[in-house]
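# next comes the sequence, and after it the predicted model I'd like to discuss.
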Amino acid sequence: MQTGSMIRQVEEGLFELIPASGERLWVRLLDCSDRQLALDREIFKYLADKEPKLAIPRKERELPPETALFDRRVVCYWPITGEKADFFSERQQRCGAEFLAGFHLALKHFRPVNLPPGTLGSLIAHWERRLLRLAEFQRVATFRVAPGVFDRLYLDVCADVLHQAKSALKKLKESDYHFYCNDGGQICLTRYRSDRFRLVQGRLMAWEFSMCRWELPVVDLYRYLLYLCRHCGYRREMVRKALDAYETIRPLEMKERYLLQVLFGFPDRLYRIISDFFLGRSRQTVRRQLQRFYKELMQSEERINIFN
C-alpha cells in the first residue's frame, strides 16, 4: 500500500478507500464472471444516461493503484449518503417495488451487447420438473421403512399439494405466457438481496447489475414479491401494497395481472420446504420444518387469490 493511503470496511463487501491522492472512494467487491461484469457496466452506462437515479454513481476512469490490493473484481463509487437497504420495513418494500417498475420502464428498449443467459420461456419446464419431484417425494415417504412425522404429514396432504401444482401448471399453459415470451422479454433483475441496494433520500438505488437476466417483467415482479414472502412471511396486505407501489409507476396490463395470479397459484414455498426436507438441505430441526410447513399450508389458499 502506498504511503498515506488507507482502507477500512464500511459494511460487508463494501470498503472505503482513501488513496495517497486523497480522493475518497467506496469500493465494492463483485463475485462474478467477466461476462457478468461487462453486462453490469453496459447497464450502468445506459442508466447513467437514461435514468441516473436508479444507479449509485461510480468512478470508472483513472482508478487509484490501491484498488489492485483487492483480489477480486471491484467497482468504485463516489461516497454517497443513505442507509443499507432493509426489505423487512414496509417503506422499503414499497421502495423496492417502485425501483423495479422504474427499472423495467428504463430498460424496456435496452439491448445489451453482452446478452446474459435468460430464463425466458423456461417456467413451464421448471414447474414440470418440480411436479415430478413432488411425486417422487411421495414415493419416498410411502416406502420409507421408518417414516417420520414429516413423511406422514406430507402423505396426508400431498394429493392437495400436487393438485394445486397441476392446476397452476395447466393455467400457465393456457395463459398468454408463450405469447409474451415470443413477443420478447427484456433485461430484468431476477435476483434480490438487500445488500445490492441502498436507500438514498427516500428511494432505492442499486450498487450493481451483474446478476441481471433476460426475462418477462411480470415474472420479475413475481420473483420480487416472492422474495418478500420468503423473508417476511406471506401477508396479503404486504403483497398488495408492494404491487400497488409498482403499478403507480408501471401499471400492469390485464393479461399480466392474470399471469401474476397464475404464478402465485403454484405452491413454490411449500415445494421448497418439502424438497429441503427430502433432499436433506435444511439445517432446521424437524419441529421447525413442521411449523413452517403448517404455516404455509394455511396461507397457500389465501395466496392464490391475491387480487380478490
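That came through, no problem.
# please state the offset of the lengthiest helix in the chain from the chain centre?
Assignment by DSSP state H gives helix 149-174 as the longest helix of the chain. The gap between where helix 149-174 is centred and where its chain is centred comes out at 24 Å by Cα atoms, centre = their mean, to the nearest Å.
# what does stretch 243-255 give?
Distance, centroid of stretch 243-255 to centroid of chain: 18 Å (Cα atoms, centre = their mean).
# got the buried residues for that stretch?
Neighbour counts over stretch 243-255 (16 or more other Cβ atoms under 10 Å) mark 243, 245-246, 250, 252 as buried. Backbone N, C-alpha and C define where each C-beta goes, glycine included.
# any idea which of those residues is closest to Lys170?
Leu252 (22.2 Å; Cβ to Cβ).
# and Tyr227, what does it touch?
87, 192 (Cβ atoms under 8 Å, 6 or more residues apart in numbering).
# can you do 7 Å?
Neighbour list for Tyr227: Tyr192 [criterion: Cβ atoms under 7 Å, 6 or more residues apart in numbering].
# please, which helix or strand holds it?
According to DSSP states H and E, Tyr227 maps onto helix 217-232.
# state the mean pLDDT of the next helix or strand after that helix.
Note on helix 217-232: by DSSP H and E, the next helix or strand toward the C-terminus is helix 236-247. For helix 236-247, mean pLDDT rounds to 92.
# show me what the helix or strand following helix 236-247 is packed up against.
Counting by DSSP H and E, the element after helix 236-247 in chain order, helix or strand, is helix 254-265. Under the contact definition 3 or more Cβ pairs under 7 Å, 6 or more residues apart in numbering; DSSP states H and E, helix 254-265 sits against helix 149-174, helix 217-232, helix 286-304.
# tell me which residues of helix 254-265 are tucked away?
256-265.
# in this protein, what helix or strand scores lowest on average pLDDT?
helix 286-304 (a mean of 70; mean pLDDT, DSSP states H and E).
# okay, strands next: where are they in the stretch 1-150 of the chain?
Here the stretch 1-150 of the chain has its strands, by DSSP state E, counting those that start in this stretch, at 6-11, 14-18, 25-30, 73-77, 83-84.
# so where's the stretch 51-200 of the chain uncertain?
Low-confidence segments of the stretch 51-200 of the chain (pLDDT under 70): 61-72.
# quick one: the helices in it?
Here the stretch 51-200 of the chain has its helices, by DSSP state H, counting those that start in this stretch, at 90-106, 123-143, 149-174, 177-183.
# could I get the ones you listed as CSV with mean neighbour count?
Shown next, in CSV, are these (neighbours: other Cβ atoms under 10 Å):
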stretch, mean neighbour count
helix 90-106, 20
helix 123-143, 15
helix 149-174, 16
helix 177-183, 14
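# which one of those helices lies closest to Ala206?
helix 90-106 (7.3 Å).
# my read: Glu83 touches Phe197, true?
No - using Cβ atoms under 7 Å, Glu83 is not in contact with Phe197, being 10.4 Å away.
# right, and Arg28 touches Glu11 too?
No - assessed by Cβ under 7 Å, Arg28 is found out of contact with Glu11, at 10.0 Å.
# and those two? Which one has more around it.
Arg28 (22 against 10; other Cβ atoms under 10 Å).
# for that one, list each beta-bridge partner.
Leu14, Val75 (DSSP bridges).
# tell me the contacts of it?
13-14, 74-75, 77, 207-208.
# please repeat the previous calculation with a cut-off of 8 Å.
By Cβ under 8 Å, 6+ apart, the neighbours of Arg28 are 13-15, 74-75, 77, 207-208.
# just the residues you listed now: which is nearest His178?
Ranked by distance to His178 (Cβ to Cβ), these are led by Glu208 at 32.1 Å.
# domain ranges for this structure?
What automatic domain parsing lists as the domains of the chain is 6-81, 104-304.
# among the helices and strands packed on helix 254-265, which is nearest Arg269?
Closest among these, using Cβ to Cβ: helix 286-304, at 5.2 Å.
# related to what we said a few turns ago, need the helices of the stretch 51-200 of the chain in TSV (columns: distance to Cys32).
Formatted as TSV, those follow (distance: least, Cβ to Cβ, whole Å):
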stretch	distance to Cys32
helix 90-106	18
helix 123-143	23
helix 149-174	31
helix 177-183	26
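# closest one to Leu37 among these?
The nearest among the helices of the stretch 51-200 of the chain, by Cβ to Cβ, is helix 90-106 at 19.1 Å.
# could I get that closest one in CSV with only the CA atoms?
C-alpha atoms of helix 90-106 as CSV (Å, rounded to 0.1, in the frame of the first residue of the first chain):
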residue,chain,number,x,y,z
GLU,A,90,-42.9,-1.7,4.8
ARG,A,91,-41.5,1.6,3.4
GLN,A,92,-38.5,-0.1,1.8
GLN,A,93,-40.7,-2.9,0.4
ARG,A,94,-42.7,-0.2,-1.5
CYS,A,95,-39.4,1.5,-2.5
GLY,A,96,-38.2,-1.8,-3.9
ALA,A,97,-41.4,-2.2,-6.0
GLU,A,98,-41.0,1.4,-7.2
PHE,A,99,-37.4,0.8,-8.1
LEU,A,100,-38.3,-2.4,-10.0
ALA,A,101,-41.0,-0.6,-12.0
GLY,A,102,-38.7,2.2,-12.9
PHE,A,103,-36.0,-0.3,-13.9
HIS,A,104,-38.4,-2.1,-16.2
LEU,A,105,-39.5,1.1,-17.9
ALA,A,106,-36.0,2.4,-18.3
